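S.K.: kindly generate the corresponding structure for this input.
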Amino acid sequence: MQHALLLSVFVIASCGLAYELVAGALSSYLLGDSVMQFSTVIGCYLFAMGVGSWLSKYVTRDLVVTFIRIELLVGVLGGFSAVGLFLIFTYLGGAFKLLLYLAVFGVGVLVGLEIPLVMRILKRDLAFKDLVSQVLTFDYLGALAVSVLFPLVLAPHLGMMRTALLFGLLNVAVAFWALHLFRAQLPGRHLLRIQAGGAMALLVAGFVGAGQLTDLAEQHVYADEIIHAESTPYQRIVVTRWRDDLRLFLNGNLQFSSHDEYRYHEALVHPGLSSLPGARRVLVLGGGDGLAVREILKYPKIESVALVDLDAAMTRLFATAPALVALNHGALSDPRVQVINADAAQWLEGDRAHYDFIVVDFPDPNNFALGKLYTAAFYRLLEKRLSAHGRLVVQATSPFYARQSFWCVVATLEEVGLKTAPYHAMVPSFGEWGYILAGRSEFAPATVDPEKTRFLTPETQADLFRFPADMGRVPVEVNRLNNQVLVRYFEQEWRKVIR
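M.R.: Residues are numbered from 1 along each chain as shown. Reported below is the predicted structural model:
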């Protein structure tokens, strides 16, 4: 019995940490700012566990019955936490933060009750020093197991909803195990078995129907028909369609509309590449949809394009789905294109090639994981990969809605010794959008070839580099790895727009 209870400690510790990780990851996914969300969720959870531990002293009788009921409660509440929070965010967005912390607090209190009760149950069989050391050892081992499995296996393959429901089932399994171990001491075990059976059935139904629940919620979030939805280890990919308009969303954020994406990608590629008639080798970082590559391949002298995108699911989707392949003109299957699925910063550190033109098309810096790709340290890596007369271009959010953010990227590029040429273009889906060309020499614009473009013309190209007063340069700090000031600018500015 002693070993069985210690194994139960391992399981319930795993479950407790899993609920905490799910809540932190889900709030980061839905609200952004991963550091803030994980910090506040973990803080609330640990405080709640302390409250639960304190409350355990008031449990003075029927320890086993109380333990079993707590396992059932935490299994159902924790198991359905991700489902409930996702549906709350979808239908009651304004109440999400309050209910998030209430759910975290509730689960934390219940988890805080578990270990003290197990220790009191075990104290009949173990000396105090052995009791503490063994219980805490299994507790920490359970936490270690989940901390490794969550990012590598659980989140990418099961998703947040099914991961939480799986651990809910494990909590209920512990309740059934306790019912078996202490069957001789539980006169009311039949009622407990019925309750445990009901909790198990509810969680199994939730696990089986998690996909339908996700689809139901996403159909409410996205106004148009969802034609593809996929969770990867890195993001949630959703593609929608309304008539002939295809839209890509990553973690709920619009990446492009097929009605006007050509404006964005023409502005990203052509001003820089048209000024480099000798360009042969091109590097694209991000841009796994292949739309920037499509524009690059319009230049017949280009010999090779290396596309580095973290998410293999993204590049695979845009290389195989017929509607998306039609949109990027089969760019990812072109023999001149090499697709590399890797972390851009790590890949650059190991790369020794030089490129005539580098396109940096990362998502906006709305969290620290992305913010590091806009730092001076990252731009120093890029500068080393530029050929003697090479040039790079960075998408840099909106100079109208996020003015400080835009000019922060400019200042950061200049910090590493690059000369910059900021510019902007109107993309109806996003509004005024900003880009920055950078190189070792001053930018000398060349006339764009109107046969390659639908949006840019020789007459309008010069206007891209002119900024009205309300988008002009403002004083900003340089974005460094140790301060990530850009993420703070971005959060503050876009929060005003969303409101």
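S.K.: strands of this structure, start to end?
M.R.: Under the criterion DSSP state E, the chain carries strands at the ranges 225-231, 236-242, 245-250, 253-257, 281-286, 304-308, 337-340, 355-361, 386-395, 419-427, 431-439.
S.K.: please name whichever of these is nearest to Arg480.
M.R.: Across the strands of the chain, Arg480 has its closest neighbour in strand 386-395 (16.3 Å, Cβ to Cβ). Any C-beta I mention is one placed from the backbone N, CA and C, and that applies to glycine too.
S.K.: strand partners of that closest one, parallel vs antiparallel please.
M.R.: The sheet places strand 386-395 alongside strand 355-361 (parallel), strand 431-439 (antiparallel), with pairing taken from DSSP bridges.
S.K.: need these in TSV with mean pLDDT, can you?
M.R.: Formatted as TSV, those follow (pLDDT from 0 to 100):
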stretch	mean pLDDT
strand 355-361	97
strand 431-439	97
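S.K.: picking up where we left off before, so which of the strands of the chain gets nearest Met160?
M.R.: strand 225-231 (8.1 Å).
S.K.: okay, now the domains of the protein?
M.R.: 2-212, 218-255, 260-498 (automatic domain parsing).
S.K.: could these be laid out in TSV, adding mean neighbour count?
M.R.: Conversion of the domains of the chain to TSV gives the following (neighbours: other Cβ atoms under 10 Å):
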stretch	mean neighbour count
domain 2-212	18
domain 218-255	16
domain 260-498	19
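S.K.: can you map out the helices along the stretch 301-450 of the chain?
M.R.: 312-320, 322-327, 344-350, 368-371, 376-385, 403-415 (DSSP state H, counting those that start in this stretch).
S.K.: which one, of those helices, ends up nearest to Val59?
M.R.: Between Val59 and the helices of the stretch 301-450 of the chain, the tightest spacing by Cβ to Cβ is seen for helix 368-371, at 41.5 Å.
S.K.: looking at this protein, which helix or strand is least sure?
M.R.: Least confident helix or strand of the chain, by mean pLDDT, DSSP states H and E, is helix 210-221 with a mean of 72.
S.K.: give me the distance between the closest residue to Leu324 other than its chain neighbours and Asp245.
M.R.: Using Cβ to Cβ, 6 or more residues apart in numbering and skipping residues adjacent in sequence, the residue nearest Leu324 is Phe318, 4.8 Å away. Here the distance between Phe318 and Asp245 works out to 17 Å (Cβ to Cβ, to the nearest Å).
S.K.: same thing with Gly211?
M.R.: 26 Å.
S.K.: likewise Ala13?
M.R.: Here the criterion is Cβ to Cβ. By it, Ala13 lies 49 Å from Asp245.
S.K.: and what of Trp407?
M.R.: From Trp407 across to Asp245, the span is 32 Å (Cβ to Cβ).
S.K.: contacts only, for Cys408.
M.R.: If you count contacts by Cβ atoms under 8 Å, 6 or more residues apart in numbering, Cys408 has them with 476-479, 485-486, 489.
S.K.: contacting residues around the nearest residue to it once chain neighbours are set aside?
M.R.: Residue nearest to Cys408 in three dimensions, not counting chain neighbours: Val476, with 4.3 Å by Cβ to Cβ, 6+ apart. Contact analysis of Val476 by Cβ under 8 Å, 6+ apart lists 404, 407-408, 411, 485, 489.
S.K.: where does Val476 fall, phi/psi-wise?
M.R.: Geometry field for Val476 lists phi and psi as phi -150, psi 160, criterion degrees, to the nearest 10.
S.K.: closest to Leu63 out of the helices of the stretch 301-450 of the chain?
M.R.: Where those are weighed against each other on Cβ to Cβ, the nearest is helix 368-371, at 44.0 Å.
S.K.: so for the closest one, mean pLDDT?
M.R.: pLDDT averaged over helix 368-371 equals 86, rounded to a whole number.
S.K.: who's in contact with it?
M.R.: The set of residues that contact helix 368-371 without belonging to it, under Cβ under 8 Å, 6+ apart, is 34-35, 362-365, 479, 484, 486-487, 490.
S.K.: just how off-centre is stretch 453-469 within its chain?
M.R.: The gap between the average C-alpha position of stretch 453-469 and the chain average comes to 34 Å, counting by Cα atoms, centre = their mean, to the nearest Å.
S.K.: likewise for stretch 207-223?
M.R.: Using Cα atoms, centre = their mean, we find the averaged C-alpha position of stretch 207-223 to lie 18 Å away from the chain's own average C-alpha position.
S.K.: can you list the residues that contact that stretch?
M.R.: Counting by Cβ under 8 Å, 6+ apart, the neighbours of stretch 207-223 from elsewhere in the structure are 83, 86-87, 90-91, 159, 161-162, 165-166, 169, 206, 226, 229, 238, 240, 242, 249, 252.
S.K.: cool, and stretch 103-116?
M.R.: For stretch 103-116, contacts defined as Cβ under 8 Å, 6+ apart pick out 9, 12-13, 15-16, 19-20, 23, 41, 44-57, 59, 67, 70-71, 73-74, 77-78, 81, 84-85, 135, 139.
S.K.: please redo it, this time with the cut-off set to 6 Å
M.R.: Contact partners of stretch 103-116, identified using Cβ atoms under 6 Å, 6 or more residues apart in numbering, comprise 12, 16, 19, 23, 41, 44-45, 48-49, 51-53, 56, 70, 73-74, 77-78, 81.
S.K.: now find how far off-centre it is within its chain.
M.R.: With Cα atoms, centre = their mean as the basis, stretch 103-116 stands 27 Å off its chain's centre.
S.K.: what mean pLDDT does that stretch get?
M.R.: Averaging pLDDT along stretch 103-116 yields 92.
S.K.: likewise stretch 148-155?
M.R.: Per-residue pLDDT values over stretch 148-155 give a mean of 84.
S.K.: quote the end-to-end distance of that stretch.
M.R.: Between the opening and closing residues of stretch 148-155 there is a gap of 11 Å (Cα to Cα, to the nearest Å).
S.K.: could we number from 30 for the rest of this?
M.R.: Yes, from this point I'll number from 30; that puts the last item at stretch 177-184.
S.K.: can you list contacts of it?
M.R.: If you take Cβ under 6 Å, 6+ apart as the criterion, stretch 177-184 is touched by 50, 192.
S.K.: and if you look at stretch 255-270?
M.R.: If you take Cβ under 6 Å, 6+ apart as the criterion, stretch 255-270 is touched by 185, 188, 251, 253-254, 276-280, 339-340, 342.
S.K.: which residue, neighbours along the chain excluded, lies closest to Glu100?
M.R.: The shortest distance from Glu100 to any residue other than its chain neighbours is 3.9 Å, reached at Ala204 (Cβ to Cβ, 6+ apart).
S.K.: the one you found touches Ile99, doesn't it?
M.R.: No: between Ala204 and Ile99 there is no contact under Cβ atoms under 6 Å: 8.6 Å.
S.K.: hang on, the earlier thing: switch the strands of the chain over to CSV; also include distance to Gln375.
M.R.: As requested, the strands of the chain are exported to CSV (distance: least, Cβ to Cβ, whole Å):
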stretch, distance to Gln375
strand 254-260, 23
strand 265-271, 22
strand 274-279, 21
strand 282-286, 23
strand 310-315, 12
strand 333-337, 10
strand 366-369, 11
strand 384-390, 16
strand 415-424, 19
strand 448-456, 26
strand 460-468, 22
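S.K.: among those strands, which is nearest Ala355?
M.R.: For the strands of the chain, proximity to Ala355 was assessed by Cβ to Cβ; strand 274-279 is nearest, at 9.4 Å.
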